[in-house]
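Chemist: Please work out how this folds:
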Amino acid sequence: QVQLVESGGGLVQAGGSLRLSCAASGRAIRTTAMGWFRQAPGKEREFVAGISYGGSTRYVDSVKGRFTISRDNAKNTVNLQMNSLKPEDTAIYYCAADPGLRMPPSDQATSYDYWGQGTQVTVSS
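Modeler: Modelled structure (predicted):
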(Lines give C-alpha, C1' and ligand atoms only; values in the text may rest on other atoms or scores of the structure.)
Protein backbone atom coordinates (compact mmCIF):
# COMPACT_ATOMS: atom_id res chain seq x y z
CA GLN A 1 0.00 0.00 0.00
CA VAL A 2 1.08 3.53 -0.77
CA GLN A 3 -0.40 6.58 0.90
CA LEU A 4 -0.10 9.85 -1.00
CA VAL A 5 -0.58 13.35 0.35
CA GLU A 6 -0.51 16.40 -1.89
CA SER A 7 0.36 19.93 -0.81
CA GLY A 8 1.16 23.28 -2.35
CA GLY A 9 -2.11 24.20 -3.98
CA GLY A 10 -3.66 27.63 -3.66
CA LEU A 11 -4.86 30.76 -5.41
CA VAL A 12 -2.56 32.49 -7.87
CA GLN A 13 -2.92 35.11 -10.58
CA ALA A 14 -2.52 34.21 -14.21
CA GLY A 15 1.15 34.12 -15.13
CA GLY A 16 2.16 33.08 -11.65
CA SER A 17 3.72 29.88 -10.36
CA LEU A 18 2.96 27.15 -7.87
CA ARG A 19 4.88 24.08 -6.78
CA LEU A 20 2.89 21.01 -5.85
CA SER A 21 4.41 18.27 -3.75
CA CYS A 22 3.32 14.70 -3.18
CA ALA A 23 4.63 12.86 -0.15
CA ALA A 24 4.46 9.07 -0.28
CA SER A 25 4.46 6.70 2.65
CA GLY A 26 3.96 2.98 3.13
CA ARG A 27 6.60 1.95 0.63
CA ALA A 28 9.48 3.43 -1.27
CA ILE A 29 8.49 4.88 -4.62
CA ARG A 30 11.86 4.52 -6.34
CA THR A 31 10.52 1.67 -8.50
CA THR A 32 7.15 3.31 -9.02
CA ALA A 33 5.94 5.52 -11.83
CA MET A 34 4.28 8.65 -10.50
CA GLY A 35 1.76 10.89 -12.13
CA TRP A 36 -0.21 14.08 -11.68
CA PHE A 37 -3.78 14.33 -12.88
CA ARG A 38 -6.31 17.13 -12.59
CA GLN A 39 -10.06 17.49 -12.63
CA ALA A 40 -11.88 20.73 -13.29
CA PRO A 41 -15.55 21.23 -12.37
CA GLY A 42 -17.80 19.44 -14.82
CA LYS A 43 -14.89 17.79 -16.61
CA GLU A 44 -13.30 14.38 -16.54
CA ARG A 45 -10.03 13.73 -14.79
CA GLU A 46 -7.12 14.29 -17.16
CA PHE A 47 -3.48 13.33 -17.17
CA VAL A 48 -1.08 16.22 -16.62
CA ALA A 49 2.41 14.78 -16.18
CA GLY A 50 4.15 11.55 -15.31
CA ILE A 51 7.62 10.35 -14.41
CA SER A 52 8.85 6.78 -14.63
CA TYR A 53 11.04 5.02 -12.09
CA GLY A 54 13.92 5.69 -14.48
CA GLY A 55 13.19 9.39 -14.71
CA SER A 56 11.60 9.62 -18.15
CA THR A 57 8.81 12.15 -18.26
CA ARG A 58 5.59 12.70 -20.15
CA TYR A 59 3.28 15.72 -20.33
CA VAL A 60 -0.08 16.59 -21.77
CA ASP A 61 0.40 19.03 -24.65
CA SER A 62 -1.34 21.89 -22.87
CA VAL A 63 1.32 22.08 -20.14
CA LYS A 64 4.48 21.35 -22.10
CA GLY A 65 7.06 24.06 -21.54
CA ARG A 66 5.23 25.35 -18.46
CA PHE A 67 5.11 22.41 -16.02
CA THR A 68 7.97 20.24 -14.82
CA ILE A 69 7.62 17.00 -12.91
CA SER A 70 10.47 15.73 -10.78
CA ARG A 71 11.07 13.09 -8.15
CA ASP A 72 13.27 12.81 -5.07
CA ASN A 73 13.51 9.15 -4.21
CA ALA A 74 15.52 9.87 -1.06
CA LYS A 75 12.63 11.93 0.29
CA ASN A 76 9.95 9.72 -1.28
CA THR A 77 8.38 12.75 -2.92
CA VAL A 78 7.27 13.89 -6.35
CA ASN A 79 6.90 17.53 -7.31
CA LEU A 80 5.13 19.45 -10.02
CA GLN A 81 6.51 22.90 -10.76
CA MET A 82 3.86 24.94 -12.55
CA ASN A 83 4.87 28.18 -14.24
CA SER A 84 2.99 30.63 -16.46
CA LEU A 85 -0.28 29.44 -15.00
CA LYS A 86 -3.48 30.08 -16.90
CA PRO A 87 -7.10 30.21 -15.70
CA GLU A 88 -7.74 26.96 -17.57
CA ASP A 89 -5.25 25.24 -15.25
CA THR A 90 -7.76 25.68 -12.43
CA ALA A 91 -8.62 22.23 -11.07
CA ILE A 92 -8.10 19.79 -8.26
CA TYR A 93 -4.69 18.19 -8.77
CA TYR A 94 -4.15 14.58 -7.78
CA CYS A 95 -0.96 12.64 -7.28
CA ALA A 96 -1.00 8.98 -8.29
CA ALA A 97 1.33 5.98 -8.14
CA ASP A 98 1.68 3.18 -10.68
CA PRO A 99 3.64 0.17 -9.37
CA GLY A 100 4.11 -1.14 -12.91
CA LEU A 101 7.51 -0.69 -14.48
CA ARG A 102 6.19 1.39 -17.33
CA MET A 103 8.51 3.54 -19.36
CA PRO A 104 7.45 6.07 -20.46
CA PRO A 105 4.89 6.59 -17.70
CA SER A 106 1.28 5.89 -18.57
CA ASP A 107 -1.17 8.71 -19.24
CA GLN A 108 -4.14 6.49 -18.36
CA ALA A 109 -5.73 6.86 -14.94
CA THR A 110 -6.50 3.15 -14.90
CA SER A 111 -2.77 2.39 -14.77
CA TYR A 112 -2.43 4.08 -11.39
CA ASP A 113 -3.38 2.06 -8.31
CA TYR A 114 -2.90 4.65 -5.58
CA TRP A 115 -4.27 8.19 -5.35
CA GLY A 116 -4.02 11.15 -3.05
CA GLN A 117 -6.95 13.26 -1.91
CA GLY A 118 -6.08 16.16 -4.17
CA THR A 119 -5.12 19.79 -3.76
CA GLN A 120 -7.02 22.74 -5.22
CA VAL A 121 -5.29 25.04 -7.68
CA THR A 122 -7.15 28.20 -8.67
CA VAL A 123 -5.77 30.61 -11.24
CA SER A 124 -7.47 33.98 -11.46
CA SER A 125 -7.51 36.06 -14.62
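Chemist: quick one: what helix or strand has Ala49 in it?
Modeler: Ala49 is part of strand 46-51, with elements assigned from DSSP states H and E.
Chemist: what mean pLDDT would you report for that strand?
Modeler: Average pLDDT, strand 46-51: 98.
Chemist: That one: which residues count as buried?
Modeler: Neighbour-count burial for strand 46-51, counted by 16 or more other C-beta atoms under 10 Å, picks out 47-51. The way it works is simple: take the backbone N, C-alpha and C, and place the C-beta from them, glycine included.
Chemist: List just the nearest of the residues you listed to Arg38.
Modeler: Nearest to Arg38 among the buried residues of strand 46-51, counting by C-beta to C-beta, is Val48 at 5.3 Å.
Chemist: Now the closest one. Nearest residue, chain neighbours left out?
Modeler: What sits nearest to Val48 in space, not counting adjacent residues and going by C-beta to C-beta, 6 or more residues apart in numbering, is Trp36, at 4.5 Å.
Chemist: any idea how far the one you found lies from Gly50?
Modeler: As judged by C-beta to C-beta, to the nearest Å, Trp36 and Gly50 stand 7 Å apart.
Chemist: Name the residues contacting each of these two.
Modeler: Common neighbours of Trp36 and Gly50, counting by C-beta atoms under 8 Å, 6 or more residues apart in numbering, are Ile69.
Chemist: before we move on, what SS does the residue nearest to Val48 have?
Modeler: State at Trp36, reduced to three classes by DSSP: H, G, I helix; E, B strand; the rest coil: strand.
Chemist: start the count at 142, not 1, going forward
Modeler: Sounds good: first residue 142 from here, last item Trp177.
Chemist: Which residues are in contact with it?
Modeler: Counted by C-beta under 8 Å, 6+ apart, Trp177 has contacts 161, 163, 188-191, 210, 219, 221, 234-237.
Chemist: If it is in a bridge, with which residues?
Modeler: Partner residues in beta bridges with Trp177, using DSSP bridges, are Ala190, Cys236.
Chemist: Could I get the pLDDT score of the one residue sitting closest to the centre of the chain?
Modeler: A centroid search over the chain (C-alpha atoms, centre = their mean) returns Trp177, at 2.1 Å, as the residue closest to the centre. In this prediction, Trp177 carries a pLDDT score of 98.
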